[in-house]
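J.: Give me coordinates for this.
(one chain, ligands or ions: 1)
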Amino acid sequence: MSRLDSHLEAALERVTRAGQRRTLRATTLLPGGRIERAGRTMLDFSSNDYLGLARHPLLVERSAKWAARDGSGSGSSRLVTGTSAAHLALEARIAEFKHCEAALIFASGWQANAAAIPALLAAIPGVAIFTDRLIHASMHAGIAMAGVRQHRFRHNDLGHLETLLAEKGADAPARLILTESVFSMDGDRADMVRLADIAERHDAALFVDEAHATGVLGPEGRGLSALVPGKVDLVMGTFSKALGGFGAYVAGSRVLIDYLTNAASGFIFTTAPPPAVLGAVDAALDLLPGMDAERVHLAALGDRLRAGLARLGLDHGASSTQIVPAVIGPENEAMALSARLEAAGFLASAIRPPTVPAGTSRLRLALRAGHSEADIDALLAAIETHR
Ligand SMILES: Cc1ncc(COP(=O)(O)O)c(C=O)c1O
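T.: Numbering: from 1, shown residues only. Here you go, the predicted structure:
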């Protein structure tokens, strides 16, 4: 027993008493919108492999090929010896994909936000920051590291953002707005055109997390920032969701990327992503432009699921993407429904506080291109039976 254990057991006991104790369960992603857990194949409505790329032969093959060619590890951090020609080539590809001057690869989306945000804030003393109430935990981590107070606007309420910019931002030396283009737990979108206009009128910089839009939305899957070319100052996105791999990017101006290379702790003091990871991303970038059929299919599945949930009298909020919440309300009811669905062969994870606001516990239903219309109908029938 370690000297820490008695403290940790007490802390865990508090988590257990709050009904929030979690455990890890071995699960394998399968093609065709399926997943395997405890020897059972189930329909998967919980993972973020939206385009089915995590099991795509081209990604698996290139990942293996680059590992065989360049090794399993990168040897060091990027600024020491860890930068390979493949890193630089991939960053150039990502910059082109996002129509930005430059891009930088990070080890994960969490790390990109937690590293880029405090670096940015350190460069602009006194900057006033404005955040959507529902931004991801990794952005909060970055802001907390910087110790900067945030002005939070009501979710997707851009009128409220404008009011706050006028009230709290006018006298600041600079303003920065942070939001997501697709919200991870609600599947709704930020109005990028209006956001860009507000940023311009208030002389505010714009930071947009495209974790759930990259690959799925916008022309050729370039994300929703592609709808306002040149208007987003920093675009962040992940390779871990629709791109079927691992890691993340930040894209923007050449100066931004040079600055982050020199100032972002979570970039500087960590080992460079290894060849296998880079190979998978490279293959995904080859495939994305040709995946309009999958994107259209996902959109149609989303419409079908939302219409079905509405028929069942379940609120799906403002979802308009491949992420569809079925809001249940009380935490225990959402948990119990999720468990009954799992027993019936449907993996539909319940999301509860603190991840979502109290009283809005939900099934977060994530669609995959491998799902068929019949899969959606089967899920809806199961929800109707088991709720
Ligand atoms: C909006 C958002 N940003 C960032 C992340 C973190 O990305 P990653 O899973 O690559 O660390 C996530 C994933 O959970 C997310 O939903």
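J.: quick one: stretch 349-356 near the ligand?
T.: No. Taking Cβ under 6 Å from any ligand atom as the criterion, stretch 349-356 and the ligand are apart, separated by no less than 10.1 Å. Backbone N, C-alpha and C define where each C-beta goes, glycine included.
J.: Surely Pro325 touches Asp186?
T.: Yes. Taking Cβ atoms under 8 Å as the contact criterion, Pro325 and Asp186 are neighbours in contact, 5.8 Å apart.
J.: Would you pull up the residue in the stretch 51-200 of the chain closest to the ligand?
T.: Closest to the ligand within the stretch 51-200 of the chain is Gly109: 2.1 Å, counting by Cβ to the nearest ligand atom.
J.: Give me every residue in the stretch 1-150 of the chain lying close to the ligand.
T.: By the rule Cβ under 6 Å from any ligand atom, the part of the stretch 1-150 of the chain lying against the ligand is Ser108, Gly109, Trp110, Asn113, His136, Ser138.
J.: What segments of this structure are strands?
T.: Remark: strands assigned in the chain by DSSP state E are 27-29, 34-37, 40-44, 102-106, 128-132, 150-153, 175-180, 204-209, 234-238, 248-252, 323-329, 346-347, 350-351, 361-366.
J.: how about Ile351, what does it touch?
T.: Remark: with contacts taken as Cβ atoms under 8 Å, 6 or more residues apart in numbering, Ile351 is in contact with Met185, Pro325, Ala334, Ser361, Arg362, Leu363, Arg364.
J.: Tell me, what's the model's pLDDT at the second one?
T.: In this case it means Pro325. Predicted confidence (pLDDT) for Pro325: 98.
J.: Just give the closest residue to it, not the sequence neighbours.
T.: With sequence-adjacent residues excluded and distances taken as Cβ to Cβ, 6 or more residues apart in numbering, Pro325 is closest to Arg362, at 4.4 Å.
J.: just the first one next, same as before
T.: The shortest distance from Met185 to any residue that is not its chain neighbour, by Cβ to Cβ, 6+ apart, is 5.3 Å, and that residue is Val356.
J.: The last one now?
T.: On the basis of Cβ to Cβ, 6+ apart, the spatially nearest residue to Arg364 that is not a chain neighbour turns out to be Ile351, at 4.6 Å.
J.: For the ligand, see how far away that neighbour is.
T.: The spacing between Ile351 and the ligand, counted by Cβ to the nearest ligand atom, to the nearest Å, is 11 Å.
J.: beta partners of that residue?
T.: Arg362 (DSSP bridges).
J.: Enumerate every residue touching Leu305.
T.: Leu305 neighbours (Cβ under 8 Å, 6+ apart): His316, Val324, Leu365, Leu367, Ile376, Leu379, Leu380.
J.: same check, this time on Val127
T.: With contacts defined as Cβ under 8 Å, 6+ apart, the neighbours of Val127 are Leu121, Val148, Ala172, Pro173, Ala174, Arg175, Leu176.
J.: if you set the cut-off to 10 Å instead, what comes out?
T.: Remark: with contacts taken as Cβ atoms under 10 Å, 6 or more residues apart in numbering, Val127 is in contact with Leu120, Leu121, Ala146, Val148, Gly169, Ala172, Pro173, Ala174, Arg175, Leu176, Ala204, Ala205.
J.: where does it fall, phi/psi-wise?
T.: The phi/psi pair for Val127 (degrees, to the nearest 10) reads phi -60, psi 140.
J.: all numbers from here: first residue = 48
T.: Fine by me, first position is 48 from now on; the one you just mentioned is Val174.
J.: With Ser185 as the reference, measure out to the residue of the stretch 98-247 of the chain closest to the ligand.
T.: For Gly156, the distance to Ser185 (Cβ to Cβ, to the nearest Å) stands at 6 Å.
J.: out of those two, which sits in the more crowded spot?
T.: The residue with more neighbours, out of Gly156 and Ser185, is Gly156; 25 against 22, by other Cβ atoms under 10 Å.
J.: Point out where the stretch 148-297 of the chain drops to low pLDDT.
T.: Scanning the stretch 148-297 of the chain for pLDDT under 70 picks out no residues.
J.: Pull up the residues of the stretch 298-434 of the chain that are close to the ligand.
T.: Of all the residues in the stretch 298-434 of the chain, none lies near the ligand, going by Cβ under 6 Å from any ligand atom.
J.: and the closest residue to the ligand within the stretch 298-434 of the chain, bridged to which residues?
T.: When scored by Cβ to the nearest ligand atom, the stretch 298-434 of the chain has Ile370 as its residue closest to the ligand, at 9.4 Å. For Ile370, the beta-bridge assignment (DSSP bridges) gives partners Ala413.
J.: how about it, what does it touch?
T.: Taking Cβ under 10 Å, 6+ apart as the contact definition, Ile370 lies against 95, 97, 229-235, 259, 263, 349, 363-364, 411-414.
J.: Would you mind measuring from the residue nearest to Pro372 to Gly376?
T.: 8 Å.
J.: before we move on, what about Ala221?
T.: Here the distance between Ala221 and Gly376 works out to 41 Å (Cβ to Cβ).
J.: Apart from its chain neighbours, what residue comes closest to Glu247?
T.: For Glu247, the nearest residue in space outside its immediate sequence neighbours is Lys278; the separation is 7.2 Å by Cβ to Cβ, 6+ apart.
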